[in-house]
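Colleague: sequence unknown, structure follows:
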């Protein structure tokens, strides 16, 4: 088997995961995101929505270190495209620095909701966790 064929079959360490969770898609962004990585995740999410559908999209930015104009545009493109396809989006985990950068760049969240945490983002999409007491605990 050639090295190229092997590369296609194994996941790339630099690939941003798109996680299916209770009918929703979760995109956890971590570290310094390249333009190529952002474009790949946009393509992946839109293809998954087209093929399988989704009840909602959560874009978790809590792990982003640096936000430049290209990443800002990529976030907007992803959220807007999902919305056009009928999938509501929630952007969560925005740090104060990221929010300031978004405002400075004129980023508008027309059809995108925001939430302070992943848990609150899922709640905005109708996912609620019912907590049970630990096994063996008396009520």
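Modeller: Alright, I've got the coordinates. Everything numeric in this text was worked out from a predicted model, so none of it was measured.
Colleague: name the helices or strands packed onto whichever helix in the chain runs longest?
Modeller: Longest helix of the chain, by residue count under DSSP state H: helix 35-52. The contact analysis (3 or more Cβ pairs under 8 Å, 6 or more residues apart in numbering; DSSP states H and E) places helix 35-52 against strand 24-31, helix 69-84. All C-beta spots, glycine's among them, are computed from the backbone N, C-alpha and C.
Colleague: ranking those by mean pLDDT, which is last?
Modeller: Mean pLDDT is lowest for helix 69-84 out of those, coming in at a mean of 90.
Colleague: so for residue 107, which of the helices and strands packed on helix 35-52 sits nearest?
Modeller: The closest of these to residue 107 is helix 69-84. By Cβ to Cβ, the value is 5.4 Å.
Colleague: now the angle between strand 24-31 and the closest one, please.
Modeller: 180 degrees (axes from the mean of the first three to the mean of the last three Cα atoms, to 10 degrees).
Colleague: following element in sequence after helix 69-84, please.
Modeller: Following helix 69-84 in sequence order, the next helix or strand is strand 89-92 (DSSP states H and E).
Colleague: that following strand - what's its average pLDDT?
Modeller: pLDDT averaged over strand 89-92 gives 96.
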